[in-house]
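1. no sequence for this one, just the structure:
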């Protein structure tokens, strides 16, 4: 922890090597959040690079009131929200598409289970529908749901990242969950009607 504080202090004073070490330390977390928000590798890489560029330009203003990782995640979310509003990006996620890795394309494999092909198909379709409905939520609700359910942040940490009150976080999260549950219930009811 002391080493991290020293790196941050050196980076604030303009030491590029210290900043490079901070990037190496936080790049996986920033990329993970970026991927959760953008839903594709290329946009996630672009967003993560932009985050570190913005952090480099603003690190002298970092006051240490929040954790450095939280500060980076706040930058990530703000950049994503700004870009989302400008471009109205419609991310696409296909469970059948191969996963792009640095070594090339890799098939997505399901874990071995006792489920038959029909159950697996139903599960895959449900996952697809959840992801589709998640991206249809308003960006503020989508963001708070990802930060809580995917990234595992506490309400206080999310409030710091989004620069809002804990009450606002709870309210947005509640609305997002209710909206998502209603949409999924409607989908399940529609599927049930079709199956009759």
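-> Done, it's in. If you're wondering where the values come from, they're calculated on a predicted model, not measured in any experiment.

2. any idea how far residue 54 is from residue 43?
-> According to CB to CB, to the nearest Å, residue 54 stands 16 Å off from residue 43. All C-beta atoms are positioned from the backbone trio N, CA, C, and that covers glycine.

3. ok, these two, which is more surrounded?
-> residue 43 (18 against 15; other CB atoms under 10 Å).

4. Measure how buried residue 2 is and give me the count.
-> For residue 2, the count of nearby residues is 6 (other CB under 10 Å).

5. Look up how far residue 18 lies from it.
-> 14 Å.

6. got it, and residue 162?
-> Per CB to CB, residue 162 is found 28 Å from residue 18.

7. In terms of neighbours, single out the busier of these two.
-> residue 162 (21 against 18).

8. got a list of what residue 22 touches?
-> Counting by CB atoms under 8 Å, 6 or more residues apart in numbering, residue 22 touches 4, 7-8, 11, 68.

9. mind listing the strands in the chain by residue range?
-> Here the chain has its strands, by DSSP state E, at 99-101, 104-106.

10. Quickly, which of those strands bottoms out on average pLDDT?
-> The minimum mean pLDDT among those belongs to strand 99-101 (a mean of 60).

11. Quick one: find the helix or strand in this structure with the lowest mean pLDDT.
-> strand 99-101 (a mean of 60; mean pLDDT, DSSP states H and E).

12. ok, the residue positioned nearest the centre of the chain - contacts?
-> Taking CA atoms, centre = their mean, the centroid of the chain lies closest to residue 36, which sits 3.0 Å from it. Contacts for residue 36 (CB under 8 Å, 6+ apart) come out as 146, 150-151.

13. ok, of the residues you listed, which one's closest to residue 182?
-> Taking CB to CB as the measure, residue 182 lies nearest residue 146 of the contacts of residue 36, at 18.8 Å.

14. Now do that closest one against residue 10, distance only.
-> Distance from residue 146 to residue 10, by CB to CB: 32 Å.

15. now swap in residue 17 and tell me
-> Distance from residue 17 to residue 10, by CB to CB: 8 Å.

16. Compare these two and say which one has the larger neighbour count.
-> residue 10 (16 against 10).

17. Now the more buried one. Nearest residue, chain neighbours left out?
-> residue 18 (3.6 Å; CB to CB, 6 or more residues apart in numbering).

18. and this structure, what are its domains?
-> Following automatic domain parsing, one gets these domains for the chain: 1-92, 136-196.

19. Which of those domains comes out lowest on mean pLDDT?
-> Among the domains of the chain, domain 136-196 carries the lowest mean pLDDT (a mean of 83).
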